[in-house]
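Peer 1: Predicted model and sequence below, questions to follow.
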Amino acid sequence: MAITTTAGESTAVQDPATSFSTLLREATREEHSDAENKGFITRLMGGELLEEDYWRLLSQYLPVYVALEEAISAAAEHDALAAAFHDPRFARAAAIREDFARRFGEHDGIDAPLPVTQRYAVRIREASVPQLLAHHYLRYLGDLSGGQAIGALVARHYGVPREQLTMWDFSDIDAPKRVKDAYRAQLDEIVDPRVREDYLDEAKLGYQLAGEMFRALDA
């Protein structure tokens with residue numbers, strides 16, 4: 001479902017002629033790199049930590065995904081832009097719970113959310129639709145891209161079996177590349193500079209919150 005928003009006043013950075021998916025990638029490059037290069041996530045992916053550290057990370061991801069999935073489902077019921085991006089196949093909360101259940105038993109092993117995780121989840125729940133979609137983009141397109149490497153590295157370094165890595169399993173999406181391409185094409189339908197600005201600002205904040213969460217886990 002293609003959504004074209006109403007164009008308002010444009011600025012150089014919000015030129016509607018510029019592909020929004022390209023603008024989004026370029027405008028958040030620094031924040032993205034900064035979040036990915038925090039000590040905890042770098043050392044975890046490098047095999048320098050312990051299996052339990054992976055589960056500590058997943059514990060913090062859970063409330064973020066619960067907030068995101070509840071918020072996008074609710075928004076999609078009354079907002080056409082939210083509905084255009086909502087895809088139940090992206091949902092990860094149930095998979096995270098399933099992984100914990102298979103590893104530790106039902107209701108065991110999940111840590112309480114850290115203060116930064118609580119702030120992250122509250123921010124998602126209180127977000128406007130453009131802000132919510134920024135978090136949707138960061139989490140789900142990230143999972144379909146670099147997230148696949150996370151699953152492979154956790155299996156390699158820490159011996160976590162495949163059946164406990166359903167968080168990273170998108171086998172119900174037949175062609176992830178086509179899905180990602182369609183998602184970016186949908187992004188390019190957003191031309192309203194106000195929507196773009198809100199989205200971009202929130203995407204930067206989303207990367208910052210993720211980085212803070214990694215720093216807290218490092219501590």
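Peer 2: Right, received. Where do you want to start? Numbers count the residues shown, from 1 in each chain.
Peer 1: Using PDB, write out the CA atom coordinates for the helix or strand of the chain with the lowest mean pLDDT.
Peer 2: Ranked by mean pLDDT, DSSP states H and E, the weakest helix or strand in the chain is helix 29-36, scoring a mean of 84. What follows is helix 29-36, C-alpha atoms only, in PDB (Å, rounded to 0.1, in the frame of the first residue of the first chain):
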ATOM      1  CA  ARG A  29      25.400   7.300   9.500                       C
ATOM      2  CA  GLU A  30      27.400   8.700  12.500                       C
ATOM      3  CA  GLU A  31      24.800   7.700  15.100                       C
ATOM      4  CA  HIS A  32      24.500   4.200  13.500                       C
ATOM      5  CA  SER A  33      28.300   3.700  13.600                       C
ATOM      6  CA  ASP A  34      28.600   5.000  17.200                       C
ATOM      7  CA  ALA A  35      25.900   2.700  18.400                       C
ATOM      8  CA  GLU A  36      27.400  -0.400  16.700                       C
END
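Peer 1: hmm, who's touching that helix?
Peer 2: Helix 29-36 is contacted by residues 42, 146, 203-204, 207-208, 210-211, 214 when judged by Cβ atoms under 8 Å, 6 or more residues apart in numbering. In short, each C-beta sits where N, CA and C put it, glycine included.
Peer 1: what do you get for stretch 136-147?
Peer 2: Stretch 136-147 is contacted from outside by 24, 36, 64-65, 68, 72, 85, 90, 92, 168, 170, 173, 176, 179-180, 183, 187, 203, 206-207, 210, using Cβ under 8 Å, 6+ apart.
Peer 1: give me the low-pLDDT residue ranges for this protein?
Peer 2: Counting by pLDDT under 70, the ranges of the chain that qualify are 1-17, 38, 107.
Peer 1: center of it - which residue?
Peer 2: Among the residues of the chain, the one closest to the centroid is residue 139, at 0.7 Å (Cα atoms, centre = their mean).
Peer 1: coming back round to it: could you turn the buried ones of the contacts of stretch 136-147 into a PyMOL selection?
Peer 2: For the buried members of the contacts of stretch 136-147, the matching PyMOL selection, counting by 16 or more other Cβ atoms under 10 Å, is:
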select buried, resi 24+36+64+65+68+72+85+90+92+168+170+179+180+183+187+203+206+207+210
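Peer 1: Would you quantify the distance from residue 121 to residue 156?
Peer 2: 30 Å (Cβ to Cβ, to the nearest Å).
Peer 1: Look at those two and report which has more neighbours.
Peer 2: Shown here are residue 121 and residue 156; by other Cβ atoms under 10 Å, residue 121 has more neighbours (22 against 11).
Peer 1: quick check, distance from the host helix or strand of the more buried one to the centre of its chain.
Peer 2: Assigned by DSSP states H and E, residue 121 belongs to helix 115-126. Averaging C-alpha positions (Cα atoms, centre = their mean, to the nearest Å) puts helix 115-126 13 Å from its chain's average.
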